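Visitor: starting from these lines, generate the structure:
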Amino acid sequence: MQRSSIYLLLLSVVGLVTLGVVMLFSTGAYAQDSHGDPYYFLKRQLIWMVLGLGACVGAAFTDYHLWRKTWKIWFGVSVVLLVLCFVPHVGLKINGSHRWIKLGFSPFQPSELAKIAAVFFLAWWFSREETNVRNLLHAFVIPLVVVCILVGLIAKEVDLGTSALIGATALAVCFVAGANWWLIVAFCGAGLGGLLGIAMLIPERAARMMTFLNPEGDKLGKGLQQWQALIAFGSGGFDGLGLGEGRQKMLYLPYAHTDFIFPMIGEELGLRFTWLVLMGYILIILSAGLIAANAKDRFGKLLAIGILLLISLQAAVNIGMTTSLLPNKGMPLPFISYGGSNLAVCLFMVGILVNIHRIGMPIGPAPEHHLVLTGRSVPRI
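Guide: Just a heads-up that it's a prediction; the model follows:
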């Protein structure tokens, strides 16, 4: 199973990326900001896909220990780029959020780079021999304060979703590294309360929260996207209306090519394909988990776990949001939604997983392993 995990990972990623290109071809022409070009978003996504594939191949053949040595560079570059989001004529303000910087053919979202920079730091921190995971200062205070530098800048952009994603990943890595679970529960409670408090202070976010609690109360306002998403799922049924035959993308469902592409899959391709999408993410989680379990060292294990969490939590939030299980929050569906910087970073992370697998994979016949149970060596069956 260890040897086949990498094939399951790559097969799932290729399938999701292919589906994303097909659905972007179907939905992109109807987007309001397509500038009259039906292939506007598709062409940009393909450029980012090529760049992401290059990063994926490069990472697959680069010893992952390089990221341990260079985490400070990644962290520093992420901070600089996040600050540039607020610089006039460099940063872009779209829909009230300062999340992008100008990058030639397409805007770039620095928070995507910040996610992987945070994981590099956490994997390095908890793989240090001098880090005592039972010490409050080492296990929580220092790593969380450092990660909060990135989280604070992203929250300032008014991107609470990515802030929560990085925060949840950091706490989960702390738990995997061996920190006390009760401290994690306490920090989770405090973090959740803080995010809710900040959200309630921002009128738009507060309105989204109220709409989530009563989705039928504002079907033409803040609840429009989620309500139309449910209509899309219902219209598609089990078999779907057919590729290209969806109606919600015709300006009924805003951002059908980005955050709400999952309902379009349900409407045009039916329940069968939404199940396949879920299966694809489950296979990615299982494959990444096996790669982490068989990594050569502690840094590789924590790095793989961090990548697993970033991809799986983002997918869970997007699917939960579009099915009205979670409040509306702009977050793309990994490998599928339009969003070049997200796609490129996700493919880069897949390349890192491939390298962790390659280095951790034993050459030749698998040696006999033993499990230590109650002080005795027992052959593994």
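Visitor: low-confidence ranges, the protein, go.
Guide: 1-2, 35, 191-221, 362-381 (pLDDT under 70).
Visitor: show me the biggest helix of it in terms of residues.
Guide: Of all the segments of type helix in the chain, defined by DSSP state H, the longest one is helix 298-322.
Visitor: for it, the distance to its chain's centre please.
Guide: 6 Å (C-alpha atoms, centre = their mean, to the nearest Å).
Visitor: repeat that for stretch 319-337.
Guide: 11 Å.
Visitor: what residues of that stretch count as buried?
Guide: Residues 319, 321-324, 326-337 are the ones in stretch 319-337 that count as buried (16 or more other C-beta atoms under 10 Å). Just so you know, the C-beta spots here come from the backbone N, C-alpha and C atoms, and that holds for glycine as well.
Visitor: can you check stretch 54-61 too?
Guide: Ala55, Cys56, Ala59, Ala60.
Visitor: including secondary structure, could those go into TSV?
Guide: Compiled in TSV, these are given as follows (DSSP: H, G, I helix; E, B strand; the rest coil):
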residue	secondary structure
Ala55	helix
Cys56	helix
Ala59	helix
Ala60	helix
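Visitor: quick one: residues contacting Arg252.
Guide: No Arg there; residue 252 is Tyr. The neighbourhood of Tyr252, defined by C-beta atoms under 8 Å, 6 or more residues apart in numbering, consists of Gln228, Ile231.
Visitor: state the distance from it to Thr18.
Guide: Tyr252 is 26 Å from Thr18, where distance means C-beta to C-beta, to the nearest Å.
Visitor: SS state for Lys93?
Guide: With three-state DSSP as the basis, Lys93 sits in strand.
Visitor: run a quick neighbour tally on it.
Guide: Lys93 is flanked by 14 other residues according to other C-beta atoms under 10 Å.
Visitor: isn't Leu84 right up against Val90?
Guide: Yes - taking contacts as C-beta atoms under 8 Å, Leu84 lies within contact range of Val90: 5.1 Å.
Visitor: compare these two (neighbour count), which wins?
Guide: Leu84 (16 against 13).
Visitor: what sits against the more buried one?
Guide: Residues in contact with Leu84 (C-beta under 8 Å, 6+ apart) are Val90, Gly91, Ile101, Pro110.
Visitor: I figured the second one hits Leu82, correct?
Guide: So that's Gly91. No - look at Gly91 against Leu82 with C-beta under 8 Å: they stay out of range, at 9.5 Å.
Visitor: among these two, which residue is more densely surrounded?
Guide: Leu82 (25 against 20).
Visitor: before we move on, back to that, Serialize the buried residues of stretch 54-61 to JSON lines and add fields for distance to Asp159.
Guide: Below are those laid out as JSON lines (distance: C-beta to C-beta, whole Å):
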{"residue": "Ala55", "distance to Asp159": "23"}
{"residue": "Cys56", "distance to Asp159": "25"}
{"residue": "Ala59", "distance to Asp159": "25"}
{"residue": "Ala60", "distance to Asp159": "30"}
